[in-house]
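1. quick check, what structure comes out for this input:
(chains A, B, C, D, E and F, ligands or ions: 12)
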6 protein chains.
Amino acid sequence: MGVLDLLTQETIGFACLPKANSAWILLGIPFDSTTTYKPGTRFAPDSVRSASCNLEFYSLLTGLILEDDRINDLGNLVLPPGEVEKSLRIIEDAVRELRGLYPDALTIFIGGEHLITYPIVKAFDKTIDTLVVFDAHLDLRSEYLSSKYNHATFLRRIVEELDLNVLHIGSRAYSKDELDYVKSSGLKVLNILESKDLEAVGKEFENLGRTYVSLDIDVIDPAYAPGVGNPEPLGMDPLTLLKVVKKIFESNNKVIGFDLVEVNPLVDVNDVTSALAGKIILEVMAMDKAFRNTKWL
Amino acid sequence: MGVLDLLTQETIGFACLPKANSAWILLGIPFDSTTTYKPGTRFAPDSVRSASCNLEFYSLLTGLILEDDRINDLGNLVLPPGEVEKSLRIIEDAVRELRGLYPDALTIFIGGEHLITYPIVKAFDKTIDTLVVFDAHLDLRSEYLSSKYNHATFLRRIVEELDLNVLHIGSRAYSKDELDYVKSSGLKVLNILESKDLEAVGKEFENLGRTYVSLDIDVIDPAYAPGVGNPEPLGMDPLTLLKVVKKIFESNNKVIGFDLVEVNPLVDVNDVTSALAGKIILEVMAMDKAFRNTKWL
Amino acid sequence: MGVLDLLTQETIGFACLPKANSAWILLGIPFDSTTTYKPGTRFAPDSVRSASCNLEFYSLLTGLILEDDRINDLGNLVLPPGEVEKSLRIIEDAVRELRGLYPDALTIFIGGEHLITYPIVKAFDKTIDTLVVFDAHLDLRSEYLSSKYNHATFLRRIVEELDLNVLHIGSRAYSKDELDYVKSSGLKVLNILESKDLEAVGKEFENLGRTYVSLDIDVIDPAYAPGVGNPEPLGMDPLTLLKVVKKIFESNNKVIGFDLVEVNPLVDVNDVTSALAGKIILEVMAMDKAFRNTKWL
Amino acid sequence: MGVLDLLTQETIGFACLPKANSAWILLGIPFDSTTTYKPGTRFAPDSVRSASCNLEFYSLLTGLILEDDRINDLGNLVLPPGEVEKSLRIIEDAVRELRGLYPDALTIFIGGEHLITYPIVKAFDKTIDTLVVFDAHLDLRSEYLSSKYNHATFLRRIVEELDLNVLHIGSRAYSKDELDYVKSSGLKVLNILESKDLEAVGKEFENLGRTYVSLDIDVIDPAYAPGVGNPEPLGMDPLTLLKVVKKIFESNNKVIGFDLVEVNPLVDVNDVTSALAGKIILEVMAMDKAFRNTKWL
Amino acid sequence: MGVLDLLTQETIGFACLPKANSAWILLGIPFDSTTTYKPGTRFAPDSVRSASCNLEFYSLLTGLILEDDRINDLGNLVLPPGEVEKSLRIIEDAVRELRGLYPDALTIFIGGEHLITYPIVKAFDKTIDTLVVFDAHLDLRSEYLSSKYNHATFLRRIVEELDLNVLHIGSRAYSKDELDYVKSSGLKVLNILESKDLEAVGKEFENLGRTYVSLDIDVIDPAYAPGVGNPEPLGMDPLTLLKVVKKIFESNNKVIGFDLVEVNPLVDVNDVTSALAGKIILEVMAMDKAFRNTKWL
Amino acid sequence: MGVLDLLTQETIGFACLPKANSAWILLGIPFDSTTTYKPGTRFAPDSVRSASCNLEFYSLLTGLILEDDRINDLGNLVLPPGEVEKSLRIIEDAVRELRGLYPDALTIFIGGEHLITYPIVKAFDKTIDTLVVFDAHLDLRSEYLSSKYNHATFLRRIVEELDLNVLHIGSRAYSKDELDYVKSSGLKVLNILESKDLEAVGKEFENLGRTYVSLDIDVIDPAYAPGVGNPEPLGMDPLTLLKVVKKIFESNNKVIGFDLVEVNPLVDVNDVTSALAGKIILEVMAMDKAFRNTKWL
Ligand SMILES: [Mn+2]
Ligand SMILES: [Mn+2]
Ligand SMILES: [Mn+2]
Ligand SMILES: [Mn+2]
Ligand SMILES: [Mn+2]
Ligand SMILES: [Mn+2]
Ligand SMILES: [Mn+2]
Ligand SMILES: [Mn+2]
Ligand SMILES: [Mn+2]
Ligand SMILES: [Mn+2]
Ligand SMILES: [Mn+2]
Ligand SMILES: [Mn+2]
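-> Ligands and ions are numbered 1, 2, ... in the order given. Next up is the predicted model:
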């Protein structure tokens, strides 16, 4: 028995879709141990699943209907409370195992906090050419409150430790340390103002290769996504975001992984942030279906 | 004594406007018996009335001020709890009586759930040429969870049973069944992306004739209207909606009825959805006043 | 296939207990179509199940630990939205089937509103000697707002239509109609002040025979159970309630059915009412286990 | 010792910035005694300070980072409960003293309700050439419910009693009385529709001279700023607002005072309105820094 | 026309009881201008009226049913925002007029904050022999934050300015200043521990004469009444409170006025505090009815 | 410079008391990294401090007034996010340093989660004779979800690793593992039913010696303390709790440390749990003052 069998808890299926073999694998990662402000993203995997049961399966961006589709929703990882290092290892092991079992699937993760992207991406073992991050924040601090591995530093760790291209979209909140690092490292960062120019952004998406997309829900304006630990004003609207994401799928790239992190149901309003997150995942599934066979990979 | 006398409960007047004879009749219909997700729209008539007391009477879309106007607010219907069939009959009878008493008025209804539009429109007895529906959803299912008359099927029933044109605006959430029906029936549906093109939408509004407008508040994005049973992302913004509605009044049509449904005060935030609903009704009243005498009817 | 197979939706198991054959059958009945004030009890079965996952399995009233026990949690009934008559029939059919399948089990129901007790008790087909009701209200109106079958009349219907003894405990809110009926009918009613006298109440419990217990959570004071549609002050505290319930089990009676109704998660605080409901069900299971073999039946 | 020493209560520093001598003076004025609808703006100074601790110090509008800057946060005024006249006098005295102590600073005030702008502006003693007000409402009533000095009349008092130009931006809710006054007085009012035309608004900003900017947060749409006493639909979005504000700083004017009023933390959601208010103040500080030395004054 | 006609706003009747001539006069006084912590008691009169519509009319303490009774609910006073002195004068004038019009009625007031008791009691013009106050706090400060007339000083003002006996019950939060004053003035104060001894309290109630009862809802424990501006732990439970109040009516006294103050619907939970307040008023009405004709007065 | 200087963040003083040298040291420990259900206790130190500013300084249990007293509130520890081991070490070091600096003070800690008691007690370095724990739960698991050091195991670690007596009071939720351990280890546990018998509990308090009291707020019933991560029904009421605590001070013991943990402001109602926690701390300070000089130690 693998890590996944040992450490996974069954849940209702995403959007109440029947669970079955599918081109889409879903895994919930209820990890929020390094959150510094309002915690609670641990409840997102279940909350997003359940809010999505009340959505229809039509995809506005592609025109497809997913009503007769299936999803391979594996449930949630079970993680030892307060043990960050051990948790990161479990996440990494589980994702590696999952990649071995379903090498051709689009693997989708619901966080949890943004730090989970670090072990996930690591587990993809150099099969990722480009990591595209949507986030209000850069998460590029070299360390934060004497801690090296947390939600505010995860991308710095990835850049330092792993060998892949990073494209960062939608940011509008930097520390000086981060801004300096961006300048010195030559990291590609499109801030929120630049991110809304669909054509310009589209140009950056040519030839990303095998792509992993990490979406911190706070890239969206708090008006649309109030249920986040750290609401940052001046964000993107959901339709623009989806159009940008669609450009990744349309272009000559292959999306092999996707995560949606930082939804916090504990501070949400009428579950609108969970519903929005579910909608985004449904649209990503539809985009994958629409453009899957057009790829060279 | 008619149904209205027997089955109406007095309330404060809409927007705290003095109650008196007027070109506008208002009736609250606190019916939400077939709601499938979060119930509570029964509280909307009172909540919208009361939140509107804190609005000013200036209309941004027309430049009119309604401060010295009156409204004929008849209060709320009293309906037997849990008796859908009987309730629909009471609604239909009350609206027919009301139409008899005030044939030239613009009759405005505050729901309650969307199913109320079915008995209302029926009671207009073929005096409606076109039904314009604003909604995130189509509500065109042939049946839902073995029930034929509910919020998710009401428009299908209208299309099947009544003889009028339907124009549907703002949708973005379909079931397969509904999409198939739209295709086979030739129903005119402008989805949310098409609905924002004011000029294109305007063209559809030429010669609607005697028009009834039904506005499901969830056509608006949850950012602006979080207090709804089923928040559906990617919606319209309120100003665009009002501009579209204004085009109906400006064009060569006569609006004879209007309902605003699906506001749910139980899950709202600081009553912003109730306030927005009140604002929309005030603007509709102002549009009616501004364009009333320009009509051929 | 029976009604239960056709109309049941799977859920997580109560208190996250493993689902298996057991002396306890659980069925969720998310029905709240006749609620007149704040609706939302439809969410209680899932909310109580989930809040109970964070409770320990020790029973304070009996000293037993249920950690290694199993429960036969059948999930929730699926009911047609807004169709009261059809829903009552489905509930009755499902319960009758369930009684046929598990004649020796203690069947436990989580509502939903109090009206569900009517079809449940009917389905027990004269196997109930005494119905013990805990409720702040009598629910004995002859009709309510022109409706005969609803949460405010259900007990009147049972008394009129079925042949069993009724013992009512904890009431403190009567209409004149109800009080007159109690006097004329000779129904046994212990009001809230009398209900706290454990010894006196105990006397009433001698020889109830085969007993069905229906517990409207609003019998408890809103301080302990704020999440109810109609909070009624001056109620019982949870420990006294459990001691009273225990007396039923201790005495020479056999409890064959139990329902817990009227929890409303939509208006609750930190899920405390759901947690309390879960605790009560756990204690009832423990009482059943503790006293099961001491019965003559 | 001056009024400020006697009547100020120490708090944490705005955005957790170190308190020190600085070009920016901050004073909290927790006054909401004349609020007519939902009260609670008294909690805004502390709530805005604390929500801002979780913002980064990067300014999107100017590209500056304020991380190494300081602020002279003087804390909150202590005001006698329920004594409006005395409170207005204390505010006026404190601001006058503050202007004497820091004549070259940009003085920033966090309300409290909009009436505080009246004594503040008075205390600037004719050093203000133009008062720019952002507000959904005109606050120009001649009196309100028999009271002359309150949140709904403050601007009328300023226009009548003080000698300065007024430019009003973003309005969309007028009483007849106010609209008549605007017409007769020739006050410059750009309503919400006109306010979004950056170029046109920019023209109005040429040569304002010494400028005081008063920002009622309800000028922003309730989607972005739900935590206000009187949410008024159809408002501005935060980015447009900041671009308009920036135009004031860019043009040939000198901003000498700024207040942000009417944030109500008691009815907010996840503190998003407080966070937005903090962001606006940070951007205003950055604009001041960016354009300070380009001024002729 | 009197003050009452000029300055009263119509509302729904208390508990939805029909409005008619009656032995009970009700007046809402939505005044909260001197509140120092969380404001919002201005919403209590309407909130208590509306929550009471869902209560039954049975009185547990007396066994009476008030279903066929009437109430003379005069609506709410309209007060100038932020004008404390003027407001106190209006309250006093209105109450004096009301006493002239209905000299034999039991006059009931719903606040608003506790300061309203000052002008009310003044308007009773020496017809009160004893003022019985239920409150967690003494409200006996000589002044508070430089203000002499506010919720924290009102009782001191009454003791100093008016000639009546004061009996204070249920307190548990004193300032040193207040405790010293109690000692020096010889005021009769039963703290919360002493207040629960029904017999001892009963003794204090012999021969109070013409009695006015003022009930600050925070005398009750926050568990039962969370919706208050200043929740003070260790309070009374509602049943004990009602038993104590009943003793006043049972004894040889005549209750001529009653107020219930400090309910704050803005911070309540599921309106439980409003419902409790409504219940208390209903019980007080029933006590008045039960013992009215047994009096010597 | 010591750990305390390096790692402490200044805050407002507890209950807005002036900070100064005092017999009472206060330290906030915003640590909640191992919480398994609803997180948020990290906000308790600030929330309890601020809610306490609205309490009076009278102590009901002792009759003392603390208005002129001082407190040495050192602020909050700053801990590395997600680093449990490092955090525990910092807590231990800080407490040891604090004990060295203020050997005669009563040191008071506000958590944070219950795990903080482990490093605190360790840092007292065998100066504790008895640890008295108030808790709904035993926190005696040998491990929890593969983690050895967390809120559910902390007391097991203390019992296993440290040499002191443990007295556990108020429990009502056990796992089988814990119950077995209690039996085998002979730990003294008074469950909730036994804990209410003041006399019996008092007997256990004779000769505890140097005592540390740890109070998990969930020992109190959720009616009084809803703002906790894991509300457990059937708890103690606050007055009984304080009487029990007082017995510790009255008896021949010396209380040298006290912590109050598990308050969760994120899920509280109107801050009543924070206010209650503040009240408990004030009463503990008063008890310490009242009985300090009666000790032999
Ligand atoms: Mn991030
Ligand atoms: Mn982020
Ligand atoms: Mn609809
Ligand atoms: Mn809809
Ligand atoms: Mn019931
Ligand atoms: Mn009931
Ligand atoms: Mn304003
Ligand atoms: Mn405004
Ligand atoms: Mn008071
Ligand atoms: Mn009080
Ligand atoms: Mn604990
Ligand atoms: Mn605990």
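
2. dump the residue contacts of the residue lying closest to A:Ala51 once chain neighbours are set aside.
-> Counting by CB to CB, 6 or more residues apart in numbering or on different chains, A:Ser274 is the residue found nearest to A:Ala51 once chain neighbours are left out, at 3.8 Å. Just so you know, the C-beta spots here come from the backbone N, C-alpha and C atoms, and that holds for glycine as well. Going by CB atoms under 8 Å, 6 or more residues apart in numbering or on different chains, A:Ser274 touches A:Ala44, A:Ser47, A:Val48, A:Ser50, A:Ala51, A:Ser52, A:Gly227, A:Val263, A:Pro265, A:Asp268.

3. how about A:Lys196?
-> A:Met236, A:Thr240.

4. look up phi and psi at the closest residue to ligand 9 within the stretch 51-200 of chain A.
-> Nearest residue of the stretch 51-200 of chain A to ligand 9 (CB to the ion) works out as A:Ala51 at 43.6 Å. A:Ala51 adopts backbone torsions of phi -60, psi -30, taken as degrees, to the nearest 10.

5. chain A against chain C: which residues are in contact?
-> Counting by CB under 8 Å from any CB of the partner chain, the residues of chain A close to chain C are A:Thr11, A:Ile12.

6. from chain B, how far out is A:Gly278?
-> Distance of A:Gly278 to chain B, computed by CB to the nearest CB, to the nearest Å: 9 Å.

7. A:Ala200 sits in which helix or strand?
-> helix A:198-204 (DSSP states H and E).

8. SS state for the closest residue to A:Leu64 other than its chain neighbours?
-> Using CB to CB, 6+ apart and skipping the chain neighbours, the partner closest in space to A:Leu64 is A:Ala286 (4.6 Å). Judged by DSSP: H, G, I helix; E, B strand; the rest coil, the three-state class of A:Ala286 is helix.

9. still on that earlier bit, out of the contacts of A:Ser274, who's the most crowded?
-> Taking other CB atoms under 10 Å in any protein chain shown as the neighbour criterion, A:Gly227 ranks highest of the contacts of A:Ser274 with 32 neighbours.

10. mind checking pLDDT for whichever residue of the stretch 51-200 of chain A sits closest to ligand 2?
-> Minimum separation of the stretch 51-200 of chain A from ligand 2 (CB to the ion) falls at A:His137, amounting to 3.9 Å. Reported pLDDT at A:His137 in the predicted model: 97.

11. in what helix or strand does the residue positioned nearest the centre of chain A lie?
-> Centrality entry for chain A: nearest residue to the mean C-alpha point is A:Asp259, 2.2 Å, by CA atoms, centre = their mean. Using DSSP H and E, A:Asp259 sits within strand A:254-261.

12. before we move on, the earlier item: for the residue of the stretch 51-200 of chain A closest to ligand 2, give the beta-bridge partners.
-> Bridge pairing for A:His137 (DSSP bridges) gives the partners A:Ala173.

13. surely the residue nearest to A:Leu64 and A:Asp69 touch.
-> No: between A:Ala286 and A:Asp69 there is no contact under CB atoms under 8 Å: 9.0 Å.

14. looking at these two, which is more packed in?
-> A:Ala286 (23 against 19).

15. do I have it right that A:Leu234 meets A:Ile192?
-> Yes: using CB under 8 Å, A:Leu234 is in contact with A:Ile192, at 6.2 Å.

16. what do the two both touch?
-> A:Arg172, D:Leu60.

17. near chain F, which residues of chain A?
-> A:32-36, A:38-40, A:42, A:78-84, A:86, A:115, A:144-147, A:149-151, A:266-267.

18. just the buried residues of these.
-> A:32-36, A:38-40, A:42, A:79-84, A:115, A:144-145, A:147, A:149-151, A:266-267 (16 or more other CB atoms under 10 Å in any protein chain shown).

19. what about those, which are in helices?
-> Among these, DSSP state H puts A:Val84 in helices.

20. quick one, strands of the stretch 101-250 of chain A?
-> Along the stretch 101-250 of chain A, the segments classed as strands by DSSP state E, counting those that start in this stretch run A:106-111, A:130-134, A:165-171, A:188-191, A:210-216.
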